[in-house]
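Q: Quick one, what's the 3D model for this:
(2 chains, ligands or ions: 1)
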Amino acid sequence: MMRHLISAADLTRDDAVLILDTAEEMARVADRPIKKLPALRGRTVCNLFFEDSTRTRISFEAAEKRLSADVINFAAKGSSVSKGESLKDTAQTLEAMGVDAVVIRHGASGAPYRLATSGWIDAPVINAGDGTHQHPTQALLDAFTMRRRLIGPDAGLGQGLDGKRITLVGDVLHSRVARSNVDLLHTLGAEVTLVAPPTLIPVGVENWPCEVSYDLDSTLPKSDAVMMLRVQRERMKAAFFPTEREYSRRYGLDGDRMARMPGHAVVMHPGPMVRGMEITAEVADSERCTVVEQVANGVSIRMAVLYLLLGGNEPAVTHPAPATTPATKRSAPASASRIEEK
Amino acid sequence: MSKILIRGAQVLGGEPQDVLIDGSEIAEVGQGLAADGADVVEAGGKILLPGLVDLHTHLREPGREDSETVLTGTRAAASGGYTSVFAMANTFPVADTAGVVEQVYRLGKESGYCDVQPIGAVTVGLEGKKLAELGAMHESAAGVTVFSDDGKCVDDAVIMRRALEYVKAFGGVVAQHAQEPRLTEGAQMNEGVVSAELGLGGWPAVAEESIIARDVLLAEHVGSRVHICHLSTAGSVEIVRWAKSRGIDVTAEVTPHHLLLTDELVRSYNPVYKVNPPLRTERDVMALREALADGTIDIVATDHAPHPHEDKDCEWAAAAMGMVGLETALSVVQHTMVDTGLLTWEGVAERMSWAPARIGGAAGHGRPVSAGEPANLTLLDPAYRGAVDPAGFASRSRNTPYEGRELPGRVTHTWLRGRATLVDGKLQ
Ligand SMILES: [Zn+2]
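A: Take a look at the predicted model:
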């Protein structure tokens, strides 16, 4: 494993599979009466949020607490981000306080990378979303959700998403979720197709390891999972598309369109959904929609990432009967035999 | 000090010659000149060039003396081999009146390191709405002939047309910072493969090229000349080449950094590489070098843009745009143009001294290295190799993209009208 988690592109296949397998173990802990593990006891994790995101912050906080870490929440929203000094100053403050890891959410692309490489702070940095760049734990939880649904929680252990056809629909241009997913899904062997109006596809996309289509209807029958990206209504004002109605008609997912997907295919959304815009209520509330699972899986994935970056060599979860161990560079902690649960 | 004998220098890269300076002028150029009481500078193996002229320098005074002053900026200029710099108008207050340009002119005179020729703003407050008093700035003691809203584009086609026409009355020239503003809202770097990956707002080449295309056509229509600042794309080169072939009176500059660096460096998210116009691609860099070699691009101008440390020691989006360049320009040009065989030293003299002096009308600068000319001279050691160390800069700012990078060549001496401003690499 690397020291920081900045970009999904930095993950090798072995790293990614290890995280998914570890998350599977963490998910099993969540089913137990006592959900807490001692792995990060005595370690301090700071959730440094320069941008509002209650959902992501709560998910990280839950993960940290289940691993028994001490948690500091630092909401820097409204501070002088335009001047930029606050990132460096805050980092140095946290360094002086001796935090063991920083989870950072920032509106500026590259801020977590700067934090990890500028020498302002020594602790591992986990990117919880930066500008329109990356959101690696989101991509990991999405891949985890796909693997569980399309292969199975047990059958999926040790595996990637080889040959799975994943379609991402919506505002790719402004989406860190799309960038992270394309990188990670490609690493895991999936075939990714982006679908959007041409205005919402970045210039330079030709180097991405994926296909691009402007036509949703022809892509749906060839999809094992369809991920709808949030489309902000403000984009309309900047002429990315003419009207909300036209966007929905061409790129929204409704019941009719969902019916064109293969029977096993799932609908995903990173949330929060704009119902009526990119997804109808009928689809959002259907059995095939994984939005609620994605939230639960987010906690497991973040526990896995925190454990693997911070937990050292101690096993996180132990079982009397070890689960199958995948052949990875470093074995998943599931294979350990010591019982450490509290 | 009255006489200096520069002995054995390769004048414009040619055969070794001696150059005798007497007072403020070159007295004699030839072989085997007698020292005859003159101070002798042994210049074997070194290249003697006319003092360099920079048509695009940000001296920051008045208003941002924390990043540079006329004094520190002209010291940096002398260190880099310059004897004349044109100071951009985007100061605080903006150099859009006779009063401000005269202040900058006077500060330049007082510094004594390098002549400072103020550039006047085209429009009041650089706002692109209303012409500044161009004639008053020209008639002032500063004698402004170059006008630019640099940092901002004169994007209104009518204002640009009027400015181009108006300055004809006194032989002025408008230097355009070509950046279509709507196409570059929120722009953070070159738009392309790297920006797509990094999630940084794109600054598309077309935002530069469309303005250049419009402006050369406007210049043709009204019969004016126009100068294009810091041309950065292969497409811009094509447009300027076409315009010149059509007889349009256009000149263009390229910065040293656009001759060497590409947007791949932005992957580091290190704001030292953040500049406007942004670093482009390898293909653009090669096109710019070729265009500078074949004369499509007339000159090298530094766009020396000092910023205090805190404006770069932050995340990319919050960082200021710009790089210092006066003290590394000649080394970068040697590296990218001379050592690659694209330009001779005489070609460097044309692009870094003669042509910029012609375009800007810098009296006494950009002259031949021959008897009777003002002794504005630069001596450099082309064999020198060393890593760039910003701690040694004379500039008040350190925002160089070359820190630690090995670049060839080193300016050892600069003379401004016979007065040594730099001796053995040390400011006098
Ligand atoms: Zn400019």
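
Q: State the number of residues packed around B:Ala15.
A: Wrong residue type there; residue B:15 is Glu, not Ala. 8 (other C-beta atoms under 10 Å in any protein chain shown). Glycine gets a C-beta too; all of them are placed from N, C-alpha and C.

Q: what pLDDT does it get?
A: Per-residue pLDDT puts B:Glu15 at 95.

Q: cool, B:Gly425 as well?
A: With respect to pLDDT, B:Gly425 scores 96.

Q: Kindly provide the distance from it to B:Leu330.
A: 13 Å (C-beta to C-beta, to the nearest Å).

Q: now do B:Pro368
A: 19 Å.

Q: Show me the shaky parts of chain A.
A: Flagging of chain A using pLDDT under 70 yields the residue ranges A:1, A:77-85, A:312-342.

Q: which residues in chain A form strands?
A: Using DSSP state E, the strands assigned to chain A run over residues A:44-49, A:70-75, A:101-106, A:125-130, A:165-169, A:191-195, A:211-213, A:225-228, A:266-268.

Q: now the stretch 201-350 of chain B
A: Secondary structure of the stretch 201-350 of chain B (DSSP state E, counting those that start in this stretch): strands at B:202-203, B:226-228, B:250-254, B:299-300.

Q: quick check, the second one touching the ion?
A: No. Judged by C-beta under 5 Å from the ion, strand B:226-228 stays clear of the ion, getting no closer than 10.4 Å.

Q: Could you name the helices and strands sitting against that strand?
A: Taking 3 or more C-beta pairs under 8 Å, 6 or more residues apart in numbering or on different chains; DSSP states H and E as contact, the helices and strands that strand B:226-228 lies on are strand B:173-176, helix B:205-222, strand B:250-254.

Q: Show residues contacting it.
A: Residues outside strand B:226-228 that contact it (C-beta atoms under 8 Å, 6 or more residues apart in numbering or on different chains) are B:55, B:146, B:164, B:173-176, B:178, B:212, B:215-216, B:218-219, B:236, B:240, B:249-253, B:359.

Q: average pLDDT for it?
A: Rounded mean pLDDT across strand B:226-228 is 98.

Q: That one pairs with which strands, and in what direction?
A: According to DSSP bridges, strand B:226-228 forms sheet pairs with strand B:173-176 (parallel), strand B:250-254 (parallel).

Q: How far does the first one sit from its chain's centre?
A: The reference is to strand B:173-176. Computed by C-alpha atoms, centre = their mean, to the nearest Å, the separation of strand B:173-176 from the middle of its chain amounts to 14 Å.

Q: average model confidence for that strand?
A: 98.

Q: Could you spell out the sheet neighbours of the following helix or strand past that strand, each with its direction?
A: Next along the chain after strand B:173-176, taking DSSP states H and E as the criterion, comes strand B:189-190. Strand B:189-190 has its sheet partners listed here by DSSP bridges as strand B:202-203 (parallel).

Q: near the ion at all, the partner strand?
A: No. Counting by C-beta under 5 Å from the ion, the ion is not contacted by strand B:202-203; separation bottoms out at 12.3 Å.

Q: Residues in contact with that strand: which ones?
A: With C-beta under 8 Å, 6+ apart, strand B:202-203 has contacts from A:202-204, B:179, B:184, B:187-192, B:195-196, B:276-278.

Q: Right, I'll leave it there.
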